[in-house]
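S.K.: coords please:
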Amino acid sequence: MKILFGACLLILSAGWAGCLKTNSTPPPTDANKSTYIVLMNLAPYSPPTEVYLNDVKSTPAIPAGTVSSAYAHIAPAAYDVKFKVAGGDSLLSEIPAASYDSMSFYTLILYNDSVKGPARSARISDNYSMVTVGNAYYRFIHMCPEEPPVDLYLNGNLMQQHRTLADILSNQTNGWFQALPPSSYSLQLKKAGTDSVIYSASNIGLLAGNAYTFFLSGSAGSSTDPISVGILKAAY
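M.R.: Numbers count the residues shown, from 1 in each chain. Here you go, the predicted structure:
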């Protein structure tokens, strides 16, 4: 599993933390003026990064394999997002200026598009409107250039087929959360169309009213960011 870091945006307050549940206590009134951001550094072939919002340094150094454990909240506005080499001014990647709307959720990802390839970045809009108290929800992100297309199995059942590197960016439906009965699950990733297991894990508890992101990332040559599947429970 990946190392998780908390409220990483230095210029912001992390605010409260809690699960994204439809029966949660509403956030404070001033939070209704916020937009929410999660950062995922899934670029194992690139150096640690620092994030700049509208050219203002906004995070400490973020090593590869690190994701934020909860959404940070910031003022709604248009932001240009730059990922720079930590401690320097070299640009790794940039997400061009775009609007970050009030009460909207976004995931910002830094990744490599090929083995030892350059860093790329993207913004995903996270939609939790379908989340209900009766189900658990999941989505899967493939961000490991060293792994082939994969099939996702939960409790031995084929759930998603032929998921390819960064396909959440080219097909927005891959970013939609899927409903499951709340329970404990085993997870397997198999080479697409085969019975060859790439990764497995068991006793994954998925709770009702919560949304989870499974993400395949890392590098076989890294001792600090090996190939694995991280599990991130949405929280703000």
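
S.K.: going forward, measure contacts between C-alpha atoms and count neighbours the same way
M.R.: Fine.

S.K.: what bridges to the spatially most central residue of the chain?
M.R.: In the chain, the centroid-proximal residue (C-alpha atoms, centre = their mean) is residue 40; its distance is 5.2 Å. When bridges are called by DSSP bridges, residue 40 pairs up with residue 67, residue 109.

S.K.: now do the helices in the chain.
M.R.: Secondary structure of the chain, counting by DSSP state H: helices at 167-170.

S.K.: where does pLDDT dip in it?
M.R.: Residues of the chain that meet the criterion pLDDT under 70 lie in 1-32.

S.K.: that older thread, what's the distance between the residue nearest to the centre of the chain and residue 183?
M.R.: Between residue 40 and residue 183 the distance is 26 Å, computed by C-alpha to C-alpha, to the nearest Å.

S.K.: repeat for residue 200
M.R.: Distance from residue 200 to residue 183, by C-alpha to C-alpha: 17 Å.

S.K.: try residue 108
M.R.: Distance of residue 108 to residue 183, computed by C-alpha to C-alpha: 29 Å.

S.K.: what lies in contact with stretch 125-141?
M.R.: Under the criterion C-alpha atoms under 8 Å, 6 or more residues apart in numbering, residues 20-23, 104-107, 166-168, 174-182, 206-216 lie in contact with stretch 125-141.

S.K.: PyMOL command for the buried members of those?
M.R.: Entered in PyMOL, the line below selects the buried ones among these, by 16 or more other C-alpha atoms under 10 Å:
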select buried, resi 20+21+22+104+105+106+107+166+167+168+174+175+176+177+178+179+182+206+207+208+209+210+211+212+213+214+215+216
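
S.K.: if anything else comes up later, I'll come back, but that's it for now.
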